[in-house]
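J.: show me the folded form of this:
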Amino acid sequence: MTFPDPAFEQQRVAYALQYMGEKLDPRTKADVAVVAVLSAVYFIDFIAVLFTLLNRRYAPIRAKSPILMALLFLASVFWCIGDEMANGHLPLAGSTLTDCRGWAILVRVLFGICLMCAVFAIRSYALYYVFKLNRPTRGLGFFIPIALYAGCIIVFLVVAMALKPSNSATYVPAVDLCSLAKPLKISIYVFIWLTWVFVAIIYFLIRNIKSSFNESREMAVACFILLIVLLFNSLVQFIHPNFPFYRGYRIASTVLDHVAANSIWWSIMGAPIFNCIFNRERYLDRWTTKLRQDGLHRAYDIKPLNSSLSNMNGLSGVQNSSFMYSSSDGHGFFYNNESDGMWQGEDGLKLTFYEDGQFLMVDRDDTEKKHTATSNAKKISWTPAPDAKDELGDPYGRRIV
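T.: Coordinates of the predicted model:
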């Protein structure tokens, strides 16, 4: 069968008019163009996703959760395939696309719409967890709500697949389209609207967060775009349930869905991808500087890029010397033996420093000591600031310069 097949399209038009009393617009080159353009767009998106995964250690990209964004892209691809099939752009006859429960429910709804909703919900929930609750995105408290959300999706899909085709999704050969039962369609849209309400509530709760990199603004854009798409599709689906019959409606629905999906993805990833390619080091410096100024380096899990230990007054006479830890974020953390012999950090983590010849050896007081200084080494106790602890984990034998 050619795409589109004029003879087959005329049969569809005649059947719809005679037996359903509906005017059906045949598939034309406009439908071919929609499929071709979206395929090209998602190929470009694939290159961009591959680039972000290969450069996921670049801090501005890492802060955007590249794995979640890759899942968002994957969901968009499944949604696109499902839209092209369910909205009537692709001929179904003579192919596996006539399995409407497989393609319309599993591919379009589960791997497309539900996965996309899940990614938005998880990302917004993670932002709330980090910026509002000031807690890391790990542990049962974080994952239990996500598991419950995923469980609801799985239960819904199991029930939908267990129903008879007439009560879920069925293929109508005469018009070469899939038909979704109205109760199933209503339940899908209720789920999508509930997810949108959840994301909108999260946005409202974090709308005033002090964020260097536009998380609240990105969520506002995503909520607005999704609202427009949901309103349009809800109205079209329930006012014109046979909207795939009409060329204008089906093209508008499909194009709007995927302009929205791509707009959201690129509004989040566009700036870090562009700057990673064309302005890598300068953008990273600007990015980390702004991050530190806003006090958000821990929220983004950004650690100092390098660290050094230096003796400011020479190695001789520890009693009259000051030691400094300096890091790439510009902070200095000091020990001065002339005062109380301890620098008080916010988190109470203690390190033990041993000066022995030209090296400064370090042990953590809160872990098993693996290094022992020589008998004539002079011991210094010091408590670093919280953002020094990761980089100072094992600086054994660092030369003092």
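J.: rest of the way, CA atoms for contacts and neighbours
T.: Will do.
J.: need the strands for the chain, in chain order.
T.: 169-172, 177-180, 307-311, 322-327, 332-336, 351-356, 359-364, 378-382, 398-399 (DSSP state E).
J.: what strands line up against the second one, and which way round?
T.: Strand 177-180 has the following sheet partners, assigned by DSSP bridges: strand 169-172 (antiparallel).
J.: need the contact partners of the partner strand.
T.: For strand 169-172, the external contacting residues (CA atoms under 8 Å, 6 or more residues apart in numbering) are 98-101, 104-105, 177-181.
J.: stretch 67-84 too?
T.: With CA under 8 Å, 6+ apart as the test, stretch 67-84 has contacts from 35, 38, 42, 45-46, 49, 53, 90, 103-104, 107-109, 111-113, 115-116, 119, 123, 254, 258, 261, 265.
J.: and with 6 Å instead?
T.: Stretch 67-84 is contacted by residues 49, 90, 107-108, 111-112, 115-116 when judged by CA atoms under 6 Å, 6 or more residues apart in numbering.
J.: how about stretch 39-55?
T.: When contacts are defined by CA under 6 Å, 6+ apart, stretch 39-55 is touched by residues Ala70.
J.: for that stretch, buried residues please.
T.: By 16 or more other CA atoms under 10 Å, the buried positions in stretch 39-55 come out as 42, 45-46, 48-49, 52-53, 55.
J.: same question, stretch 88-105
T.: So stretch 88-105, judged by 16+ other CA under 10 Å, has buried residues 88-93, 97-105.
J.: next one: stretch 143-161
T.: Using 16+ other CA under 10 Å as the test for burial, stretch 143-161 gives 146, 153, 156-157, 160-161.
J.: which single one of these is nearest to Lys132?
T.: Each of these was scored against Lys132 by CA to CA, and Ile146 proved nearest at 17.5 Å.
J.: and the buried residues of stretch 39-55, which two are furthest apart?
T.: Pairwise distances across the buried residues of stretch 39-55 peak at 19.5 Å for Tyr42 and Asn55 (criterion: CA to CA).
J.: okay, stretch 8-27 in CSV with CA atoms only?
T.: C-alpha atoms of stretch 8-27 as CSV (Å, rounded to 0.1, in the frame of the first residue of the first chain):
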residue,chain,number,x,y,z
PHE,A,8,-8.2,3.1,-0.1
GLU,A,9,-8.8,6.7,1.1
GLN,A,10,-11.9,7.0,-1.1
GLN,A,11,-13.3,3.8,0.4
ARG,A,12,-12.8,5.3,3.9
VAL,A,13,-14.5,8.6,2.9
ALA,A,14,-17.5,6.7,1.4
TYR,A,15,-18.0,4.4,4.4
ALA,A,16,-17.8,7.3,6.9
LEU,A,17,-20.4,9.3,5.0
GLN,A,18,-22.8,6.5,4.3
TYR,A,19,-22.7,4.5,7.5
MET,A,20,-21.6,7.1,10.1
GLY,A,21,-23.0,10.3,8.7
GLU,A,22,-19.6,11.9,9.1
LYS,A,23,-17.4,13.7,6.6
LEU,A,24,-13.9,12.1,6.6
ASP,A,25,-10.9,14.0,5.2
PRO,A,26,-8.6,11.5,3.4
ARG,A,27,-5.0,11.2,4.3
